[in-house]
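J.: sequence and predicted structure, then a few things I'm wondering about:
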Amino acid sequence: MKLRPFTLYLLPVLVIAISSSFQVRAANDQRFKTSSPFATALETLQKQIGYTFKSIGLLRRAMTHSSFSEENNRALGILGGYVIDTSVSLRLLNKDIDISPKDLNRRVSETSNVEISCAVDGMHLGLQKVVRVSPKTNSTVPAVVCGAFRAIFGAIAVDTGKCDDAGDVFLRVHSGEVGKALPF
Ligand SMILES: *[C@@H]1O[C@H](CO)[C@@H](O)[C@H](O)[C@H]1NC(C)=O
């Protein structure tokens, strides 16, 4: 078959149009497949703590410092602090119902301590590399790491609507499945 000159001109145009439409589609597929580094970090974090969120937005918020966004982890961190105190108190009383109030208070405040416990646990999870902060904020300072760490348990409590699972996850993370901070 003899191609007419008109067809010969049209052919390369067609080839280019088809191949570029394939490229666009490939690029779109790529965007769906590869998630952002932050999303990947949240996936990894869930595996580390052994809890999968029903609402991943809660973990995203827990890993957002107030310097980064108005939607941040401050309130979740407060709830998380209570979850930690409660689960530690319950565990200590289960082990020894005769524990003195003084000892109980001391052990609870040790576990809540930003520098010696909370930030140490958070660093073991690598939260300083996950938490989103403003460019001017140092994500390695204990207050930032600790705030993000506490917020994880606040986020789990909100995700489940109760504090039980959040407390269990805390005790598991704190007592060494991920990295030991303070012995009980
Ligand atoms: C960030 O904070 C950590 C811990 O307080 C400190 O060791 C480090 O030097 C700080 N980095 C910068 C760039 O200020």
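T.: Happy to help now that I have it.
J.: closest point of the protein to the ligand, which residue?
T.: Here the chain gets closest to the ligand at one residue, N138, 3.6 Å apart by C-beta to the nearest ligand atom. To be clear about C-beta, it is placed using only N, CA and C from the backbone, and glycine gets the same treatment.
J.: which residues does that residue contact?
T.: Residues near N138 by C-beta atoms under 8 Å, 6 or more residues apart in numbering: V144.
J.: for it, helix, strand, or coil?
T.: Assigned with DSSP: H, G, I helix; E, B strand; the rest coil, N138 falls in the coil class.
J.: begin at 561, not 1, for the rest of this chat.
T.: Okay, using 561 as the starting number, the last item reads as N698.
J.: quick check: phi and psi at it.
T.: With angles defined as degrees, to the nearest 10, N698 sits at phi -90, psi 110.
J.: state the pLDDT value of it.
T.: N698 is assigned a predicted lDDT (pLDDT) of 97.
J.: how close does it sit to G707?
T.: Distance, N698 to G707, using C-beta to C-beta, to the nearest Å: 13 Å.
J.: same check, this time on L636
T.: According to C-beta to C-beta, L636 and G707 sit 9 Å apart.
J.: do the same with D645
T.: The value you get for D645 to G707, if C-beta to C-beta is used, is 15 Å.
J.: which of those two has more residues huddled nearby?
T.: Neighbour tally, D645 and G707, criterion other C-beta atoms under 10 Å: the higher count belongs to G707, 27 against 15.
J.: who's in contact with the more buried one?
T.: With C-beta under 8 Å, 6+ apart, G707 has these contacts: 625, 633-634, 637.
J.: helix/strand/coil for it?
T.: helix.
J.: circling back to that earlier point, which one of the contacts of G707 has the most neighbours?
T.: Ranking these using other C-beta under 10 Å puts N633 first, with 30 neighbours.
J.: just the buried residues of stretch 598-609, please?
T.: 601-602, 605, 608-609 (16 or more other C-beta atoms under 10 Å).
J.: and of the residues you listed, the nearest to L650?
T.: L650 lies nearest to I609 out of the buried residues of stretch 598-609, by C-beta to C-beta, at 19.4 Å.
J.: V643 and D728 touch, don't they?
T.: No. Checked against C-beta atoms under 8 Å, the pair V643 and D728 is beyond contact range at 10.0 Å.
J.: so between the two, which is more surrounded?
T.: Ranked by neighbour count (other C-beta under 10 Å), V643 and D728 place V643 first, with 23 against 15.
J.: could you check how far the more buried one is from L731?
T.: 10 Å.
J.: contact residues of the protein facing the ligand?
T.: 698, 700-701 (C-beta under 6 Å from any ligand atom).
J.: pLDDT weak spots in this structure?
T.: 561-594, 737-744 (pLDDT under 70).
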